[in-house]
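1. got a predicted structure plus its sequence, pasted below:
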Amino acid sequence: MVYKIALCDDEPVWIEIMRGIVKDFFDSRSMEFQIDTFDNAQMLLDTMIEKKEAVDILILDIDMPNINGFETAEHLKDLYPDIILMFYTMHEQYVFDAFKFQPFRYIRKEYAARELTPALSSALEAMENHTEKFILLKSVDGIQNIAISEIMYFETNRRRCDVYLKDGSIINVRKTIKELYAETCSENFVLLHRGAAVNVRYIKICSACDVTLENDTKLIASRNRIKDVKAAFSKYWGNGV
């Protein structure tokens, strides 16, 4: 297999730095790869949209003139929903804006040598193990087969549980938190307290006693669980936030 990587940055020096890290990573593993570089977003969009040349991994600078990284991702997200997207930038304040696009990783340029290699390693593992997992949820509306990745969080509602999905819908099921947590079988879920669990991929802000999701929902975390929540959050984002 030849892994295809695209790198887009308007600064030539950073293209060479990132290209070098990517090359060293694949060379050290004796893997075949192809890396295409772009010094402006329009060239990248023309290649991926007009010519329909897909890539496995897209490493995208955020702060670029004319079309920035977020605008570029917006153009590509529907055509390539499964692309492994990595944002990187000198400006850490962009990290929370990046959550809208569900990037695989957020790389800080000043720590690129430290953060890009493990991110690439995780990306390869994700590609090798990518099989969407589903869960059957029975409610008053019938039985629904739901992709586990679409679940943002679930919490106790009397003797049942409310399952909150990415599209804004809520499914009320006759299951306990313990049963749902076991059935998701995903390291991306972490317990906030005895009555709620959250999908780490949707956490935007993790503070001292609560988390804020990408849709601005705030969820309380217990004092006994917040350390585990922060650890899971840091692990998911590759210690990059």
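-> Noted; the coordinates are in hand.

2. so for stretch 207-218, what gets flagged as buried?
-> Across stretch 207-218, burial judged by 16 or more other CB atoms under 10 Å covers 211-214. (Each C-beta comes from the backbone N, C-alpha and C, glycine too.)

3. any idea how this protein splits into domains?
-> 2-128, 134-236 (automatic domain parsing).

4. rebuild those as JSON lines, extending it with mean pLDDT.
-> Putting the domains of the chain into JSON lines (pLDDT from 0 to 100) gives the following:
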{"stretch": "domain 2-128", "mean pLDDT": "90"}
{"stretch": "domain 134-236", "mean pLDDT": "90"}
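
5. between the buried residues of stretch 207-218, which is closest to residue 152?
-> residue 213 (6.1 Å; CB to CB).

6. and that closest one, bridged to which residues?
-> In this entry, residue 213 is beta-bridged to residue 203, by DSSP bridges.

7. please verify my assumption that it contacts residue 202.
-> Yes: here residue 213 lies in contact with residue 202, judged by CB atoms under 8 Å, at a distance of 4.9 Å.

8. any shared contact partners between these two?
-> 152-153 (CB atoms under 8 Å, 6 or more residues apart in numbering).

9. if we can go back for a sec, let's have the buried residues of stretch 207-218 in TSV, adding distance to residue 189.
-> TSV is the format used below for these (distance: CB to CB, whole Å):
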residue	distance to residue 189
211	13
212	17
213	13
214	16
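
10. for the residues you listed, name the two members farthest from one another.
-> 211 and 214 (10.7 Å).

11. between the two, which contacts overlap?
-> In contact with both residue 211 and residue 214: 203-204, using CB under 8 Å, 6+ apart.

12. going along the chain, name the helices of this protein.
-> 12-28, 41-45, 69-76, 95-98, 112-128, 177-184, 226-236 (DSSP state H).

13. which of those helices sits closest to residue 192?
-> It's helix 226-236; of the helices of the chain, that one is closest to residue 192 (CB to CB) at 6.4 Å.

14. tell me what the closest one is packed against?
-> strand 189-193, strand 203-206 (3 or more CB pairs under 8 Å, 6 or more residues apart in numbering; DSSP states H and E).

15. okay, buried residues for the longest one please.
-> Just to be clear, that refers to strand 189-193. 189-193.

16. ok, so of those residues, who is nearest residue 91?
-> Once CB to CB is applied, the member of the buried residues of strand 189-193 that ends up nearest residue 91 is residue 190, at 28.1 Å.

17. wait, that closest one touches residue 202, no?
-> No: counting by CB under 8 Å, residue 202 is not a contact partner of residue 190; they are 11.4 Å apart.

18. which residue sits closest to residue 156, ignoring its sequence neighbours?
-> With sequence-adjacent residues excluded and distances taken as CB to CB, 6 or more residues apart in numbering, residue 156 is closest to residue 195, at 3.9 Å.

19. pull the number of nearby residues for the one you found.
-> Residues contacting residue 195 under the criterion other CB atoms under 10 Å number 15.

20. mind starting the numbering at 374 from now?
-> In the new count, where the first residue is 374, that last one comes out as residue 568.

21. distance of it from residue 540?
-> Distance, residue 568 to residue 540, using CB to CB, to the nearest Å: 23 Å.

22. ditto for residue 608
-> For residue 608 relative to residue 540 (CB to CB), the value is 26 Å.

23. so what's the residue count around residue 426?
-> 13.

24. now it, nearest residue through space, not along the chain?
-> Residue 426 sits nearest to residue 420 (CB to CB, 6+ apart), 5.0 Å away.
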